[in-house]
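Trainee: based on what follows, work out the 3D shape:
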Amino acid sequence: MTDLAAFTALLAPEGQALLAALRDYDPARELAVASRLRRDHPAELVSAALGQARLRQRAVAKFGAEDAYRMYFTPNGVEQSTRATVGTYRAERMKALGVRSVADLCSGIGGDAIALARAGICVLAVDRDPLTAEAARANAAALGLAELIEVRCADVTEIDTSPYDAVFVDPARRGGRGRIFDPEAYSPPLSWAIEAARKAPHAALKIAPGVPHEAVPEEAEAEWISDGGDVKEAVLWFGTEPGARRATLLPGGATLTGGRLPDPAVRPVGRYLYEPDGAVIRAHLVAEVAAELDGGLIDETIAYVTADELRPTPYAAAYQITDELPFNLKKLKALLREREVGVLTVKKRGSAVEPEEIRRKVKPKGPNSATVLLTRVAGAPTMLIGRPVRP
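Mentor: This is a model prediction of the structure:
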């Protein structure tokens, strides 16, 4: 782990030259690279530069190469930072609310502060860890945003947020033993973040997507955000639509709201099966999708929607179903062999069987492709066979 002195040395000309030389280095050759660089540079500086180069390579997935190779990271900073697409979406929503200044509490290495500043919002970025705060400060400078981002190393509970239009809080959700699931074990606790939010005209609290709905305050809007089909986070918004439930799908930006419809009726499997996006499921908005598709559920406990017509929707992936069979591996293997299926996609919902186990046992072979959905239909373990389709 890089200490503050070594990190500061990276910002000097010698450290910058090392980082530039290491941009495209191969981590598999790190020992040889380190030995070569130590002939001309201090060992501590080489170690810090190599560590930073590794972190930058990891960060490309979240920030893109153009930003990642200019930014500075800590191991926790890479792990816990908001993906740039999500941060940009949230910042634009803040801007649309008329927010001009934000107190970003628990700012980490500054990922959200950067997104807010790029939306033209002035940011106070606060983190209690000196190294993390220094990384955030360096990132603001490296990306030309220092005039919009003030970084302060302090305890967030001691910050006066009254001068700011909005508060953004991203509590630490990882501890020494890994991911933290109890919101009151966050640092700071969710209850503290909620009280801080209530004092501001607008606020957004980033929390784990698995948060129980009953933990959402009545005056908050809860939004679940997915990016590329993966649910990334939930956000509690204050000063927007109290009690609303929202699912937002990036990168397209489709947004579904609701949460007041009754559960859809269970009906027989139709010609099409729809798999709602994870954000839709987390937001408890499957009923809204079913109503849009004029469909029903295949089982009262399974979030698959079935319908007889193929309709366009950004909120669910569609499959045309060709076969509905009781769960039986021998029958599945025989059917796939008969149809010469070699490219097999296995999905599951409500089944204890692992997709890899299915692929291993049926040994698909042939030029054709198929999708098998392992699930329950009216309580019975079932195999649905079909293919993905687009309206």
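Trainee: show me what contacts the nearest residue in space to residue 162 that is not next to it in sequence?
Mentor: Excluding the flanking residues, the one nearest residue 162 by Cβ to Cβ, 6 or more residues apart in numbering is residue 199, at 7.3 Å. The way it works is simple: take the backbone N, C-alpha and C, and place the C-beta from them, glycine included. Applying Cβ atoms under 8 Å, 6 or more residues apart in numbering to residue 199 gives the contacts 161-162, 167.
Trainee: please name the nearest non-neighbouring residue to residue 58.
Mentor: Per Cβ to Cβ, 6+ apart, closest to residue 58 is residue 78, 5.1 Å.
Trainee: C-terminal to the helix or strand where the one you found lies, what's the next element?
Mentor: Assigned by DSSP states H and E, residue 78 belongs to helix 75-80. Remark: after helix 75-80, the chain's next helix or strand is helix 84-96, criterion DSSP H and E.
Trainee: least confident secondary structure element in the chain?
Mentor: Least confident helix or strand of the chain, by mean pLDDT, DSSP states H and E, is strand 174-175 with a mean of 62.
Trainee: if we can go back for a sec, check contacts around the residue nearest to residue 58.
Mentor: Residue 78 touches 55, 58-59, 62, 109, counting by Cβ under 8 Å, 6+ apart.
Trainee: would a markdown table of the residues you listed with pLDDT and neighbour count be doable?
Mentor: Output for these, formatted as a markdown table (pLDDT from 0 to 100; neighbours: other Cβ atoms under 10 Å):
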| residue | pLDDT | neighbour count |
| --- | --- | --- |
| 55 | 95 | 21 |
| 58 | 95 | 14 |
| 59 | 96 | 23 |
| 62 | 95 | 19 |
| 109 | 96 | 30 |
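Trainee: which of these fall within helices?
Mentor: Residues of the contacts of residue 78 located in helices (DSSP state H): 55, 58-59, 62.
Trainee: about what we covered before: what's the residue nearest to residue 162 sitting at in phi/psi?
Mentor: phi -90, psi -10 (degrees, to the nearest 10).
Trainee: tell me the pLDDT at it?
Mentor: pLDDT for residue 199: 93.
Trainee: one more: residue 80?
Mentor: 87.
Trainee: contacts only, for the closest residue to it other than its chain neighbours.
Mentor: Ranked by Cβ to Cβ, 6+ apart and with sequence neighbours excluded, the top spatial neighbour of residue 80 is residue 108, at 5.9 Å. Neighbouring residues of residue 108 by Cβ under 8 Å, 6+ apart: 76-77, 80-81, 127, 132, 136, 170.
Trainee: if we go to 10 Å?
Mentor: Residue 108 makes contacts with 73-74, 76-82, 125, 127, 129, 132-133, 135-136, 139, 170, 172, as judged by Cβ atoms under 10 Å, 6 or more residues apart in numbering.
Trainee: just residue 273 next, same as before
Mentor: 295, 298, 304-307, 316-321, 324, 371, 373, 375, 384, 386.
Trainee: what ranges does the stretch 1-150 of the chain have for its strands?
Mentor: With DSSP state E, counting those that start in this stretch as the criterion, the stretch 1-150 of the chain has strands at 101-105, 122-127, 149-153.
Trainee: now do the helices in the stretch 201-350 of the chain.
Mentor: Remark: helices assigned in the stretch 201-350 of the chain by DSSP state H, counting those that start in this stretch are 278-282, 286-293, 329-338.
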